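Undergrad: coordinates only, sequence not included:
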């Protein structure tokens, strides 16, 4: 039996991949036994999924085979689905096996938060994986084909996006670009197509710079989007949604981007959670479990004003770097590093050639912001896969 | 008021287009006033629709704008849907107007014959128009996307084709070619996909050369198709089909190619019909209506042995030529010409590089038959649109 510590990383999202890459670089030969577990044999670029969801890009450009990212001589990869996390036994139950660990990194990603709105879980789609965005894309195209056979059913051509956060707004920007192409392809009058964005909060992109939000809404309105801001979805049915004061918007396509909560496996593991998330300690560990780290959507990190940072790719990546550092330090009995989020800014795309952003203490909009978005995407590809990955996947940018 | 005779042609299918093209060539200036009415502003190449239905070709390659075919200085084109034919008033009621005629040519195409099988009209799709094949294509892709989100639902990956006539067999050939591509695109194990061909008759391609039928079935079986020949579909449900002795085949995709009957408008016009078809006289006219011609799926023409010819593109085209000749002769008070079908043979494609055919008194199979099929398609493009159309649409062949 080997006596070297076993590190198990659950999930190959932003946090899990960055942890893996850093460990593979920092650990010496035989210093630890690292296993990465993921449901798919690929990593996907969640921040890019709004494009394949709308059909403005191929899903292949949003995923990278894990074998291209990690060095399988240094890190074992197991393609499996996690069924249960058992901290008391230091074990993870997979659908087809069991893994023991000394250190566990949980980067499993979250689940859609439906806030108990009836019917959303059953009838709405989500932008959260390659499979889920393929479904959205095919579903949308299918509605155009159905409409041509039942021209009285204009609800086939009504698309409702619940939530006006980053994902919702970015998806709407792409969808508004795609609609004219679909209308041409299926001989549909573009006037018949409706895109609704329904958001319960009093503004789109809550918390973002109001001037930029205003700009974004103008851009999207000019592309034909109808905003219903400050309007809650009361219910989602097979026929559409009921909003605000009982008004029904008929639609066969509801895409819910209204929120993310922690993964149910986290609660089931017995950790203390808030909306399924664990308030991790300054080293990103679960309180009371010095050998378990949580990254990304399942972790809660508070800013100096005491408010939680929203879950983004940016924070998950930074967490991955600190997590890997702390794992290596633990093994070497060196002091751990505090996690401090360094906000590099954020950019939301609004379709082809349009975006808004805050970065380097400045506001950006239009074409410049759109370039900034591309730079961020290229930077990420470079970080995880170097120049070869930039050349392979960066074409689409 | 003009006193020149008015010719109205209903439908721009094989028969209507050939009639129009010949009239446009033969008629002298101001000899007649010709109007072509069609639901769409394009003609579609029905014999090619199995490809866009399976997704092995773009629907654009199966249609030609009518404005590219007819000379609108010589023939008026009306894009409208026929609602009623009133022989007693010499009028045609359109959804948005009325047309009077002196001579009427009916080439409206048929409707699927469901033989009263419960559920077929509601739950099965048909290969009969650009819109219907777009629906099939999108529907099939959608099933793959749905399966990835609900992997227990293997019925999403089961495709049932009812009918093993030319359309059914040609579609199956294409679908079997498309499945591996779709499996790759959606990360689906090809072993999970099932294609069933259910045919009530004791053989596939009834009436065709048995040796060639045997060959076709071997080719398709090798591509993974399961034949259920001599098995009737008893019922089509939202969950699949019930066949033969009550066995259920679960599927979300049933495509019915089992038969064609005449258009309901023909019966409603008060003509005597058999399965919606009119047994036309030797000049292709409706008995008792010397000024009404019927071509294609709505006409019945008997061979010397007293059996009706099956409705094909080939016979409709030949009818169009004779119909135009007889219209011109009527106007000029010249004797009419009898219609005699000259069978040039037929070829059924079985997917890429495979086909079977009978032509020039010989049997063909494999690659040679597949070339023959391409030649027939090119010949048709040439007849209706000359070299420019061959160059534009012939690329796909």
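TA: All right, it came through fine. The model shown is predicted, which means the values in this text are computed figures rather than measured ones.
Undergrad: Please make it C-alpha for all contacts and neighbour counts, starting now.
TA: Noted.
Undergrad: what does the stretch 101-250 of chain A have sitting close to chain B?
TA: When proximity is defined as Cα under 8 Å from any Cα of the partner chain, the stretch 101-250 of chain A approaches chain B at A:131-132, A:134-135, A:138-139, A:141-142, A:145-146, A:148-149, A:186.
Undergrad: What's opposite the residue of the stretch 251-397 of chain A found nearest chain B in the beta bridge?
TA: In the stretch 251-397 of chain A, the residue that lies nearest chain B is residue A:253 (13.5 Å; Cα to the nearest Cα). Beta-bridge partners for residue A:253, by DSSP bridges, are residue A:159.
Undergrad: and it, what does it touch?
TA: By Cα atoms under 8 Å, 6 or more residues apart in numbering or on different chains, the contact set of residue A:253 is A:124, A:125, A:139, A:140, A:156, A:158, A:159, A:160, A:240.
Undergrad: follow-up on the earlier one: in ChimeraX, how would I pick out whichever of the residues of the stretch 101-250 of chain A next to chain B are buried, leaving the exposed ones unselected?
TA: Applying 16 or more other Cα atoms under 10 Å in any protein chain shown to those leaves a buried subset, and the ChimeraX line that selects it is:
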select /A:131,132,134,135,138,139,141,142,145,146,148,186
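Undergrad: quick one: which two of the residues of the stretch 101-250 of chain A next to chain B are the most distant?
TA: Across these, no pair lies farther apart than A:131 and A:149, at 27.1 Å, counting by Cα to Cα.
Undergrad: what sits against residue A:49?
TA: Contact partners of residue A:49, counting by Cα under 8 Å, 6+ apart, are A:59, A:62, A:127, A:128, A:129, A:130, A:133.
Undergrad: Residue A:106 touches residue A:294, doesn't it?
TA: Yes - under the criterion of Cα atoms under 8 Å, residue A:106 makes contact with residue A:294 at 4.7 Å.
Undergrad: more neighbours, those two?
TA: Between residue A:106 and residue A:294, residue A:294 has the larger neighbour count (other Cα atoms under 10 Å in any protein chain shown), namely 31 against 25.
Undergrad: from the middle of its chain, how far away would the helix ranked longest in chain A be?
TA: Under DSSP state H, the helix in chain A containing the largest number of residues is helix A:366-393. How far helix A:366-393 lies from its chain's middle: 17 Å, per Cα atoms, centre = their mean, to the nearest Å.
Undergrad: quick check: mean pLDDT across it?
TA: Across helix A:366-393, pLDDT averages out at 88.
Undergrad: What of stretch A:336-346?
TA: Taken as a whole, stretch A:336-346 has a mean pLDDT of 94.
Undergrad: Ranking helices and strands of chain A by mean pLDDT, which lands last?
TA: Least confident element among the helices and strands of chain A, by mean pLDDT, DSSP states H and E: helix A:366-393 (a mean of 88).
Undergrad: Packing partners of it?
TA: Secondary structure elements in contact with helix A:366-393, counted by 3 or more Cα pairs under 8 Å, 6 or more residues apart in numbering or on different chains; DSSP states H and E, are helix A:14-26, helix A:66-69, strand A:346-349, strand A:355-359.
Undergrad: Adding distance to chain B and mean neighbour count, write these out as a markdown table.
TA: Formatted as a markdown table, those follow (distance: least, Cα to the nearest Cα, whole Å; neighbours: other Cα atoms under 10 Å in any protein chain shown):
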| stretch | distance to chain B | mean neighbour count |
| --- | --- | --- |
| helix A:14-26 | 22 | 24 |
| helix A:66-69 | 15 | 16 |
| strand A:346-349 | 26 | 24 |
| strand A:355-359 | 30 | 22 |
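Undergrad: Looking at those, which is nearest to residue B:263?
TA: When the helices and strands packed on helix A:366-393 are compared by Cα to Cα, strand A:346-349 sits nearest residue B:263, at 51.1 Å.
Undergrad: List the strands paired with that closest one, with their directions.
TA: Counting by DSSP bridges, strand A:346-349 is paired with strand A:355-359 (antiparallel).
Undergrad: Identify the residues contacting the strand it pairs with?
TA: Contacts to strand A:355-359, defined as Cα under 8 Å, 6+ apart, come from residues A:212-213, A:215-216, A:344-350, A:363-370, A:373.
Undergrad: got the angle between that strand and helix A:366-393?
TA: 90 degrees (axes from the mean of the first three to the mean of the last three Cα atoms, to 10 degrees).
Undergrad: can you give me the mean pLDDT across strand A:355-359?
TA: Averaging pLDDT along strand A:355-359 gives 94.
Undergrad: Relative to chain B, how far out is the closest residue to residue A:328 other than its chain neighbours?
TA: Using Cα to Cα, 6 or more residues apart in numbering or on different chains and skipping residues adjacent in sequence, the residue nearest residue A:328 is residue A:27, 6.8 Å away. Using Cα to the nearest Cα, to the nearest Å, one gets 34 Å for the distance from residue A:27 to chain B.
Undergrad: Can you mark which positions in stretch A:237-255 are buried?
TA: Neighbour-count burial for stretch A:237-255 [16+ other Cα under 10 Å]: A:237, A:239-244, A:248-255.
Undergrad: got the contact list for residue A:92?
TA: A:82, A:83, A:84, A:85, A:86, A:98, A:99, A:100, A:101.
Undergrad: Who does the helix or strand where it lies pair with, and is each partner parallel or antiparallel?
TA: Using DSSP states H and E, residue A:92 maps to strand A:91-94. Partners of strand A:91-94 in the sheet, by DSSP bridges, are strand A:82-86 (antiparallel), strand A:97-100 (antiparallel).
Undergrad: tally of neighbours for residue A:123?
TA: If you count neighbours by other Cα under 10 Å, residue A:123 ends up with 19.
Undergrad: What score does it have for pLDDT?
TA: pLDDT for residue A:123: 97.
Undergrad: Contacts only, for it.
TA: Contacts for residue A:123 (Cα under 8 Å, 6+ apart) come out as A:236, A:237, A:238, A:254.
Undergrad: do that again at 10 Å, thanks
TA: By Cα atoms under 10 Å, 6 or more residues apart in numbering or on different chains, the contact list for residue A:123 reads A:235, A:236, A:237, A:238, A:239, A:240, A:241, A:252, A:253, A:254, A:255, A:256.
Undergrad: sorry, back to before: and which of the contacts of residue A:253 is nearest residue A:190?
TA: So of the contacts of residue A:253, ranked by how close each gets to residue A:190 (Cα to Cα), first place is residue A:158, at 11.2 Å.
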